[in-house]
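Got a sequence here, can you model it:
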Amino acid sequence: MPLLIVPGIVCVGVGGICLMTINLKISSLLTIGSGLYIAILSGAYDSSVITFRIIKVFHDYGVPYRYPFIGFVILHIIVAGSSLLLHRKFDIKSTDEQKSETIVKINSNNTGMFLEKEKGLDGSFERSYNENSEIDTVQNGPSLKDSLCCLPTISFLFIMVVFMLNFLYYIGTINSRLQNAVPDQVSYFTNVLSYIMFSGVVTAFLPGIMAESQRKLFKDRKVIKQRALLPNILPLTTVSLLGIVLHILSFFTSETTLYIEFVVITVFRSFLFSSAMLFVVSTYPLKHTNVIFPLGLCTGGIFSLSQYAIFLWYNQSTNAQYQVKIFMILLLVTSLVHPLILFMTAKDACQKKDTKSKTCVPARE
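Below is the predicted model of the structure:
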């Protein structure tokens, strides 16, 4: 029944948010390569678009839609059953709890200074900390209110709105653009887009490798905020630049630029969600990630409803289409304010010698 499509889409959206949030928690258990893990997870999520392509192929061969969907339901039951029965509660403590136990144990020896071994994204390394400030940072940390009200979080919510709106705008207008550019090959290019977006599991390695290299570059910074914020500047800036390039390409109506656009939108999507997940995991305490990341997705989703007004604007005339493209480019330019805020926050923390962060304590600190 057509009425079942709407609740089905809602279930897919809610289930996807839950899946990505849970895996954010799992990434914190990895001592190395957690950035790459998050990126590959996001890429696999992006590549799920191929499932409907598979259903379409079956339908083209005369198989009714209901049977492939029944097959997917059975597959989900198998996966959910194995997770429920085989992956019971493990006796694994979070990084925050391990840090607290380490600090309490050293504190019992009444040492004024201590040498702590940090096991984080970039492996094991040693650093000397002041006991009082580090105990307060790790054990108490910022409250959820502090994390939500700080400037980097507010700008993060803003860029999620900008990025998701741009992505949905492109997907929503691609069909009409294909009908104008290549009216006889709409089905062909739609299939090409689905196949290229399936490669998201491959392009996801790009933000993952970039994240790993950035964390290694800044791992020896003494200021907590610098180690947390600086590695996210380049990946988030890349998202904005990819979006700008995508809309510039849309000014040209040729088959060659369409292929390039499809590649750029796939890489853009990989960087979008991977960079957002990496920012949340590396910047906030583990206990806050399951609030801040879904909040970013929900905020972006709610404001993305404005895409319908943009579609109406886009369909008014040819001049309106150019106006919308320029508007989206300017919107992406404003998203560069978030990396700038991260840089200024880290610079300010360095000038103040802020080794006791009250608004940003990474999950691995």
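
Ramachandran angles for residue 5?
Backbone geometry at residue 5, expressed as degrees, to the nearest 10, gives phi -70, psi -40.

Can you tell me the number of residues neighbouring it?
For residue 5, the neighbour count with other C-beta atoms under 10 Å is 9. Glycine gets a C-beta too; all of them are placed from N, C-alpha and C.

ok, now how distant is residue 191 from residue 262?
11 Å (C-beta to C-beta, to the nearest Å).

Compare these two and say which one has the larger neighbour count.
Between residue 191 and residue 262, residue 262 has the larger neighbour count (other C-beta under 10 Å), namely 19 against 14.

nearest residue to that one other than its sequence neighbours?
Spatial nearest neighbour of residue 262, excluding adjacent residues (C-beta to C-beta, 6 or more residues apart in numbering): residue 196 at 4.4 Å.

which ones are touching the residue nearest to residue 230 when sequence neighbours are not counted?
In space, and not counting its chain neighbours, residue 230 is closest to residue 218: 4.6 Å by C-beta to C-beta, 6+ apart. Contacts for residue 218 were tallied using C-beta atoms under 8 Å, 6 or more residues apart in numbering; they are 226, 227, 230, 231.

how far is the longest helix seen in the chain from where the chain is centred?
Ranked by number of residues, the top helix in the chain under DSSP state H is helix 151-181. Computed by C-alpha atoms, centre = their mean, to the nearest Å, the chain-centroid distance of helix 151-181 equals 14 Å.

Any stretches of the protein with poor pLDDT?
Across the chain, the ranges flagged by pLDDT under 70 are 1-2, 23-25, 27-35, 46, 49, 86-141, 351-365.

mind giving me the domain split of it?
For the chain, automatic domain parsing gives the domain ranges 11-88+142-351, 95-140.

picking up where we left off before, tell me, how many residues neighbour the residue nearest to residue 262?
Neighbour number of residue 196 under other C-beta under 10 Å is 19.

immediately after the helix or strand hosting it, which helix or strand?
For residue 196, the host element (DSSP states H and E) is helix 186-198. The helix or strand immediately downstream of helix 186-198 is helix 200-203, counting by DSSP H and E.

Who are the packing partners of that next one?
Here helix 200-203 touches helix 34-47, helix 255-283, going by 3 or more C-beta pairs under 8 Å, 6 or more residues apart in numbering; DSSP states H and E.

want to throw the ones you listed into a markdown table with distance to residue 296?
As requested, the helices and strands packed on helix 200-203 are exported to a markdown table (distance: least, C-beta to C-beta, whole Å):
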| stretch | distance to residue 296 |
| --- | --- |
| helix 34-47 | 14 |
| helix 255-283 | 6 |
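
Which one of those lies nearest to residue 236?
With C-beta to C-beta as the criterion, residue 236 lies closest to helix 255-283 of these, at 5.2 Å.

follow-up on the earlier one: farthest-apart pair in the contacts of residue 218, please.
Longest span within the contacts of residue 218, C-beta to C-beta: 226 and 231, 9.2 Å.

Now do the host helix or strand of residue 79: distance to the chain's middle.
If you go by DSSP H and E, residue 79 is part of helix 66-86. Its chain's C-alpha centre and that of helix 66-86 lie 26 Å apart, by C-alpha atoms, centre = their mean.

Over to stretch 329-338?
17 Å.

in it, what's buried?
For stretch 329-338, the neighbour count (16 or more other C-beta atoms under 10 Å) marks 329, 331, 332, 335, 336, 338 as buried.

With stretch 213-222 instead?
Neighbour-count burial for stretch 213-222 flags 214, 215, 218, 219, 221 (criterion: 16+ other C-beta under 10 Å).

what's the straight distance from one end of it to the other?
From its first residue to its last, stretch 213-222 covers 18 Å (C-alpha to C-alpha, to the nearest Å).

Helix, strand, or coil at residue 222?
Following DSSP: H, G, I helix; E, B strand; the rest coil, residue 222 is assigned to coil.

backbone phi and psi for it, please?
Residue 222 adopts backbone torsions of phi -80, psi -20, taken as degrees, to the nearest 10.

so residue 161 touches residue 304, yeah?
Yes: counting by C-beta atoms under 8 Å, residue 161 touches residue 304, with 7.3 Å between them.

Next one: residue 250 relative to residue 345, how far apart?
Taking C-beta to C-beta as the criterion, residue 250 is separated from residue 345 by 34 Å.

Likewise for residue 41?
27 Å.

Same question for residue 159.
In this view, residue 159 and residue 345 are 15 Å apart by C-beta to C-beta.
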